[in-house]
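# A structural model of the following input is requested.
(one chain, ligands or ions: 2)
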Amino acid sequence: MSTITVRAPASSANLGPGFDSLGLSLPLYTTLRVTPQATTEIIPLGEALAGTPADERNYLYRAMQRLARAAGRDLPPARVEIETDVPLARGLGSSASALVAGLVAANELLGRPLDDPAVLELAAREEGHPDNVAPALLGGIVVATLDKAGTHHVRLDPPAHLGVTVLIPDFELSTEKARAVLPREYSRADAVHALSHAALLTAALATGRLDLLRHAMQDYLHQTWRAPLVPGLSDILEEATRFGALGAALSGAGPTVLCFHDARHATAPLHAYLHGVMRRNGLTGRTLDLPIDPHGVQVRRA
Ligand SMILES: Nc1ncnc2c1ncn2[C@@H]1O[C@H](COP(=O)(O)OP(=O)(O)OP(=O)(O)O)[C@@H](O)[C@H]1O
Ligand SMILES: N[C@@H](CCO)C(=O)O
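Ligands and ions are numbered 1, 2, ... in the order given. Have a look, this model is predicted:
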């Protein structure tokens, strides 16, 4: 019986002002191996998934069932192995990566009853916003909307030389908690600030205007409210460009912080600065340089 292997990448959403609408794909992966067999077995592998259910309550398995339901089909029994190197609840789209892996694996298992736009829409509705699931599916940088009319998106190839440095602190922050601190209403001035900066950022990324990132990534819609949950965030947003960052933002709902850098230049000063911020705030964590993943979700049959 052939095994379907699905590898869905991590992602960084918002990029500052693109709240719930802009994200990019990063090369850390959730991997799902599905082998049809007589009974269903769900096997989370590795320390990172030690606390996740090894039964039908598992988030990826529920995603598989969700797709089968949307397709009006029953999920055949299978051995389902799950691995991930996306850190959970850190603002790197672990839930979107898991959701996309589950939906795509079930779609493959069932002979692709849903086309790609339908899988994207299902993923965006399940997650509640498209800014992690769209880059996890499509790779690159994606700007996407989700409304009554469904999802609409444009995928951008990353500009040449654009690299990412992430600071991943050693503590979890659930998206639910980080959304609960946001105000219900905003002023017109805040709305204009947000949409003008998101529009400028999208145009800057589309045209390779890396010089505009610093200004275009300014955001008061969510980062201001979330800063108390992420020690050091305000300093990094203010100071990181002095150490080689092209711009900085809270990654998704945090606590990871993303800095863009020019991949032609050394990033050692930026890493030293970010570690210094962690030390000053009594935090531990790691920093990583990553390219933007151009591929999105990948499927292999063996
Ligand atoms: N591979 C996985 N297996 C089981 N559950 C997972 C897996 N990946 C993520 N999850 C679930 O998703 C939760 C994290 O989702 P959450 O939306 O809070 O953060 P995130 O997706 O990592 O970050 P963000 O949405 O800010 O980018 C985990 O606590 C866990 O319940
Ligand atoms: N746009 C989402 C991403 C995290 O899931 C947020 O910032 O809450």
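# can we go C-alpha only for contacts and neighbour counts from here?
Will do.
# Helices along the protein, start to end?
Taking DSSP state H, the helices of the chain run over residues 59-70, 94-109, 116-127, 133-138, 175-180, 188-207, 213-216, 223-226, 233-239, 268-280.
# Please identify the deepest-packed of these.
Counting by mean count of other C-alpha atoms under 10 Å, helix 133-138 has the highest mean neighbour count of these, with a mean of 34.
# Within range of ligand 1, give me the residues from the stretch 151-300 of the chain.
Proximity of the stretch 151-300 of the chain to ligand 1 (C-alpha under 6 Å from any ligand atom) is limited to residues 174-175, 252-254.
# can you list the domains in the chain?
4-156, 162-290 (automatic domain parsing).
# Tell me which of those domains lies nearest to Gly296.
Gly296 lies closest, by C-alpha to C-alpha, to one member of these: domain 4-156, at 3.6 Å.
# how long is that closest one end to end?
From its first residue to its last, domain 4-156 covers 28 Å (C-alpha to C-alpha, to the nearest Å).
# gap between it and the chain center?
Here the centre of domain 4-156 is set off from its chain's centre by 11 Å, with C-alpha atoms, centre = their mean, to the nearest Å.
# picking that back up, please convert the domains of the chain to TSV, extending it with distance to ligand 2 and mean pLDDT.
Formatted as TSV, those follow (distance: least, C-alpha to the nearest ligand atom, whole Å; pLDDT from 0 to 100):
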stretch	distance to ligand 2	mean pLDDT
domain 4-156	4	97
domain 162-290	4	98
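# State the number of residues packed around Phe243.
Number of residues near Phe243 (other C-alpha atoms under 10 Å) recorded here: 17.
# With adjacent residues omitted, what lies nearest to it?
Of all residues not flanking Phe243 in the chain, Leu270 sits nearest, at 5.0 Å (C-alpha to C-alpha, 6 or more residues apart in numbering).
# Ala194 now?
Per C-alpha to C-alpha, 6+ apart, closest to Ala194 is Pro17, 5.6 Å.
# residues in contact with the residue nearest to Phe243?
By C-alpha atoms under 8 Å, 6 or more residues apart in numbering, the contact set of Leu270 is 240, 243-245.
# make it 10 Å
165, 240-245, 259, 261, 276, 287 (C-alpha atoms under 10 Å, 6 or more residues apart in numbering).
# Highest neighbour count among the residues you listed?
Within the contacts of Leu270, Cys259 tops the neighbour count with 26 neighbours, counted by other C-alpha under 10 Å.
# Tell me who's in contact with the residue nearest to that one when sequence neighbours are not counted.
Distances taken as C-alpha to C-alpha, 6+ apart place Ala248 nearest to Cys259, at 4.3 Å, with adjacent residues excluded. By C-alpha under 10 Å, 6+ apart, Ala248 lies in contact with 15-16, 164-166, 213-215, 217-218, 233, 236-241, 257-261.
# Distance-wise, check Ile43 relative to Ala144.
33 Å.
# Settle it for me: which of those two has more neighbours?
Legend: neighbour count by other C-alpha under 10 Å for Ile43 and Ala144, higher for Ala144 (23 against 19).
# Quick check: closest non-adjacent residue to that one.
His153 (4.1 Å).
# Tell me, how many residues neighbour the residue nearest to Ala194?
Residues lying near Pro17 (other C-alpha under 10 Å) number 28.
# swap in the one 5 residues further on?
Here the count is done by other C-alpha under 10 Å, and Leu22 has 30 residues near it.
# what bridges to the nearest residue to it once chain neighbours are set aside?
Among residues not flanking Leu22 along the chain, Val143 sits closest, at 4.5 Å (C-alpha to C-alpha, 6+ apart). Taking DSSP bridges as the rule, Val143 bridges to Leu22, Val154.
# Go through the contacts of Leu270 and say which is closest to Leu201.
Nearest to Leu201 among the contacts of Leu270, with distances taken as C-alpha to C-alpha, is Cys259, at 14.1 Å.
# pretty sure that closest one is touching Thr241, no?
Yes: counting by C-alpha atoms under 10 Å, Cys259 sits close enough to Thr241 to count as a contact (8.7 Å).
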